[in-house]
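Chemist: Next comes the sequence, and after it the predicted model I'd like to discuss.
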Amino acid sequence: ILLKKAFEVYKEDGMRILFSRIVVYIKKEKIKLKESLRKKVSPFSKLDISSKYYFPDLKSEGTAAFTIVSKNYMHYALTLRNSFLKHNPNSRFTIFLVDMLESDDQISLFRKVSDLGIEIVNFLELNNGVSSNHKVDEMLLRYTILEMNTAIKPYAIEYLLRKGYEKVLYIDPDIMFYSSIENLDEKLNDNEIILTPHIQKPYFDTKSPSEIDIMMGGTYNLGFIAVRNTKGVFDMLKWWQDRLFDKGFSDVKNGMFTDQKWIELVPSLFDNVCIYKNPGYNVAYWNMHERQLKYDNGWVVNSEKLVFFHYSGMPLDNVYAISKHQNRYTLKDFPHLLPLFEEYRDVVRKYGPDEFAKCDYSFSKFSGGMVAFPDILRRKIYAEVSSFLISPFLACNNGKQKITNYIRQYLYGDLMVNRLASVIWDERIDLQQA
């Protein structure tokens, strides 16, 4: 009945009015019908995974936590979400999806996710839920999948704060919780922003990461940030949004590293910022030299409860690997931690990494999949292309053709070298030296 009514409204008034009329219609139906809608994917577009269809109403109270992923990382997000809610059952958890559903298989896969009652919000919802004049889809062309997933972080925080949540936590998807955030929650009552540093003690070897590596990437790890709903936080978010809109590149040599490097300025630019040094938070490969983990009726770190471990860069297919981003340790150095890592691998595998990991990022190609868009092109041409096409991935067919023609344009006459080939040549020193 609901779908029939929805189609009638769609034909009559179009998509914009459709959303509002469906909401009105749902409110007149019984609770059973409302719960049924929560488990359905939009029948109108294979590219839509809007919270309006999955979850019409986000409850707005207390503490909300969230993460950001594209389709290929959803198994990590589910691992995080379930471990967080297990230890913090009175909190809310939302997954922001920087992607689109492009096939029946993907729709079926995400329908299984929705059947679990998972709150998923498509990143395009942020255009309507924050005060910024920036549109998040305008960042798609210039940013890689990593840069895009990190650049929308302050927008997502504001989105949840404007829903009425008192406290909001961002958490990286490759994290697992082992106890509650009760002590941090209390700390946030007296502060507005909480950050966790990468390290609290120096390195005394020549391994990687070094202290220089830490400084280049950022003093504070942005796999976690907690804020309280205050005017000062909204001021910080506006500043952060403005910076990340066009300066959120992973470009260490030019002083930028996604959203993380900018946060170094927060303690001096804004008030009531807490540098939280509880050893049970954000344990990861970069601080294992200073964090002593052991199991004693639960995992303990330097006599404190382990709250969460950040499995950054940990491969699922290597029993002894801690992270691909370091060469300081393997689990052969910490054999007592093998059960900790094996448990995490088992939980991640339970959520179907083979199914999710094979999902291509929608914005690595133009809508329809006809033209691939290599990351190497993004930063080189986004300024030129944006002059006539702001969001080519979501554009009409005419817009797609414009960007395709631009990429394929020959630059050197008879040499038959197009713009794509020229950019690849400029970026690949190995090709120039061959």
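Modeler: All right, it came through fine.
Chemist: which stretches of the protein aren't confidently modelled?
Modeler: The model of the chain has pLDDT under 70 over residues 1-61, 366-374, 376, 380-404, 410-416, 427.
Chemist: Return the alpha-carbon coordinates of the longest helix seen in it using PDB.
Modeler: In the chain, taking DSSP state H as the definition, the longest helix is helix 231-246. Output in PDB follows, covering the C-alpha atoms of helix 231-246 (Å, rounded to 0.1, in the frame of the first residue of the first chain):
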ATOM      1  CA  LYS A 231      28.700  27.800  20.500                       C
ATOM      2  CA  GLY A 232      32.500  27.400  20.700                       C
ATOM      3  CA  VAL A 233      32.200  24.000  19.000                       C
ATOM      4  CA  PHE A 234      30.100  25.400  16.200                       C
ATOM      5  CA  ASP A 235      32.700  28.100  15.700                       C
ATOM      6  CA  MET A 236      35.400  25.500  15.400                       C
ATOM      7  CA  LEU A 237      33.400  23.400  13.000                       C
ATOM      8  CA  LYS A 238      32.800  26.300  10.700                       C
ATOM      9  CA  TRP A 239      36.500  27.000  10.600                       C
ATOM     10  CA  TRP A 240      37.300  23.300  10.000                       C
ATOM     11  CA  GLN A 241      34.700  23.000   7.300                       C
ATOM     12  CA  ASP A 242      36.100  26.100   5.500                       C
ATOM     13  CA  ARG A 243      39.600  24.600   5.600                       C
ATOM     14  CA  LEU A 244      38.600  21.100   4.500                       C
ATOM     15  CA  PHE A 245      36.400  22.300   1.600                       C
ATOM     16  CA  ASP A 246      39.400  22.800  -0.600                       C
END
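Chemist: Residues contacting it, please?
Modeler: Helix 231-246 is contacted by residues 130-132, 134, 138-139, 142, 150-151, 153-155, 157-158, 161, 192-193, 227, 259, 262-263, 266, 269-272 when judged by Cβ atoms under 8 Å, 6 or more residues apart in numbering. Every C-beta, even on glycine, is put in place using the N, C-alpha and C of the backbone.
Chemist: of those, buried ones?
Modeler: 130, 132, 134, 138-139, 142, 150-151, 153-155, 157-158, 161, 192-193, 227, 259, 262-263, 266, 270 (16 or more other Cβ atoms under 10 Å).
Chemist: The contacts of helix 231-246 in strands, which ones?
Modeler: Judged by DSSP state E, strands contain the following of these: Ile193, Val227.
Chemist: Out of the contacts of helix 231-246, which sit inside helices?
Modeler: Under the assignment DSSP H, these contribute Thr150, Ala151, Lys153, Pro154, Tyr155, Ile157, Glu158, Leu161, Val266, Leu269 to helices.
Chemist: Many thanks, we can stop here.
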